[in-house]
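J.: Any chance you could fold what I've pasted below:
(chains A, B, C and D, ligands or ions: 4)
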Protein chains: 2
Amino acid sequence: MPGKPRPPEIAFRKHDHRRCQRQLLSEATQLCAERKLRLTARRRQVLEALLASHQPMGAYDILAELNQSAGEEHVAPPIVYRALEFLMSEGLIHRIESRNAFISCVQPGHRCGAQFLICRDCEQVAELEGNDDGLLAEADNLGFAVDHSVVEITGVCAECQKHAG
Amino acid sequence: MPGKPRPPEIAFRKHDHRRCQRQLLSEATQLCAERKLRLTARRRQVLEALLASHQPMGAYDILAELNQSAGEEHVAPPIVYRALEFLMSEGLIHRIESRNAFISCVQPGHRCGAQFLICRDCEQVAELEGNDDGLLAEADNLGFAVDHSVVEITGVCAECQKHAG
DNA sequence: AGGCATAGTGTTATATTATAACGTATCGAA
DNA sequence: TTCGATACGTTATAATATAACACTATGCCT
Ligand SMILES: [Zn+2]
Ligand SMILES: [Zn+2]
Ligand SMILES: [Zn+2]
Ligand SMILES: [Zn+2]
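T.: Ligands and ions are numbered 1, 2, ... in the order given. Predicted structure coming up:
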């Protein structure tokens, strides 16, 4: 039960995020079960940190959260990076290259390259759906075999344009 | 006299690069003159390092080249980063976000977002021409005001596919 | 020419992001 | 239950990037 698909610009809209969050976590759990993969406590912890918002977080921000919430436990960078690597490989999160940051995927499991609109004012990031077909066709024309695509558009979102008058 | 425009996949083709290089440097010089900007010795040095090939270089690779060729002189990171920033702001080079690297622009001066095909085998990078209109239209639809776009497609180029059998 | 504002450079130190290497623990299958 | 594989924990270090501040060259005004 994948639920209603999220609109692509979800991050830019008010929505019941508590619910959104639960839903995404449950989709992730199910997806790992189907793929016979282990969504371990650590990995879930990292995923949850990212699911807390639709904003990107740096690896060290996540690290800080883990260390905050974890009492005396000391968590070191490799732990976070390994969890991030796993979550990326399964399409549960994405890396925002132009920010050295990570963000939860709103269409978990689609491993193909996502496309992002990044507001440089409010810092929110919208993940668009679908592929950039025109571009992929162009690559194909040149005989280029596409592996992975990074598409990150920076600018100002509709909301922030209003407020900036 | 901007010369013949380069085909977008120039980096993937054999060509008289000595000539290509001279041409790009002269275009850069002219462009800076037109814009009343100073293409200082340092900036030219960094640009030349990037013009030596159509491959991306890390900031520290450039740094190393400067220190090699410069006898006893010691060049420190900020010098390189500042030159890179200038060259990027004028559209003479681009940053490849997914590689933390920089590459000379094959259409110097066009400040809009470029698009790249990156071969993960031979490491060559082709800069495509033009914008990704479909995507920009989609952003527009959402009321998003685009500033800058990053498009980086990783895969295997035609040549490397042949050799890999 | 002299004085001034600005932009560019040099230098030191440090911040930020990411990985190597290696040992231990955990899990699931035989 | 033993074994192999995967995941985790730990330490150290690599790679990338910037802050801060002093000094210098350049262009402009007078
Ligand atoms: Zn949400
Ligand atoms: Zn915004
Ligand atoms: Zn060339
Ligand atoms: Zn190739």
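J.: tell me how far the helix or strand harbouring residue A:137 is from the chain's mean position?
T.: Take DSSP states H and E as the rule and residue A:137 turns out to sit in helix A:133-141. Distance of helix A:133-141 from the chain centroid (CA atoms, centre = their mean, to the nearest Å) equals 24 Å.
J.: what is the orientation angle of that helix with helix B:133-141?
T.: 170 degrees (axes from the mean of the first three to the mean of the last three CA atoms, to 10 degrees).
J.: ok, then the element right after helix A:133-141?
T.: As assigned by DSSP H and E, the chain's next helix or strand after helix A:133-141 is strand A:145-156.
J.: Spell out the secondary structure type for residue A:55.
T.: Residue A:55 carries the three-state label coil when classified by DSSP: H, G, I helix; E, B strand; the rest coil.
J.: need the longest helix for chain A.
T.: With DSSP state H applied, the helix covering the greatest number of residues in chain A is identified as helix A:17-34.
J.: Any buried residues in that helix, and which?
T.: Using 16 or more other CB atoms under 10 Å in any protein chain shown as the test for burial, helix A:17-34 gives A:20, A:21, A:23, A:24, A:25, A:27, A:28, A:31, A:32. All C-beta spots, glycine's among them, are computed from the backbone N, C-alpha and C.
J.: Same question for stretch A:82-101.
T.: Of all the residues in stretch A:82-101, those buried under the rule 16+ other CB under 10 Å are A:83-84, A:86-87, A:90-99, A:101.
J.: Are it and chain B in contact anywhere?
T.: Yes - contact between stretch A:82-101 and chain B, assessed by CB under 8 Å from any CB of the partner chain, occurs at A:97, A:98.
J.: count of residues packed around residue A:134?
T.: A count of nearby residues for residue A:134, using other CB atoms under 10 Å in any protein chain shown, gives 13.
J.: show me what contacts the nearest residue to it once chain neighbours are set aside?
T.: Taking CB to CB, 6 or more residues apart in numbering or on different chains, and ignoring the residues beside it in sequence, residue A:134 has residue B:134 as its nearest neighbour in space, at 4.6 Å. Residue B:134 makes contact with A:132, A:133, A:134, A:135 under the criterion CB atoms under 8 Å, 6 or more residues apart in numbering or on different chains.
J.: What of residue A:154?
T.: Neighbour list for residue A:154: A:98, A:118, A:120, B:146, B:147, B:148, B:149, B:150 [criterion: CB under 8 Å, 6+ apart].
J.: could you check the angle helix A:17-34 makes with the helix or strand following the longest helix of chain A?
T.: Using DSSP H and E, the next helix or strand after helix A:17-34 towards the C-terminus is helix A:41-51. Interaxial angle, helix A:41-51 versus helix A:17-34 (the same axes, to 10 degrees): 140 degrees.
J.: Now do the buried residues in helix A:41-51.
T.: Taking 16+ other CB under 10 Å as the neighbour-count basis, helix A:41-51 is seen to contain the buried residues A:42, A:43, A:44, A:45, A:46, A:47, A:48, A:49, A:50, A:51.
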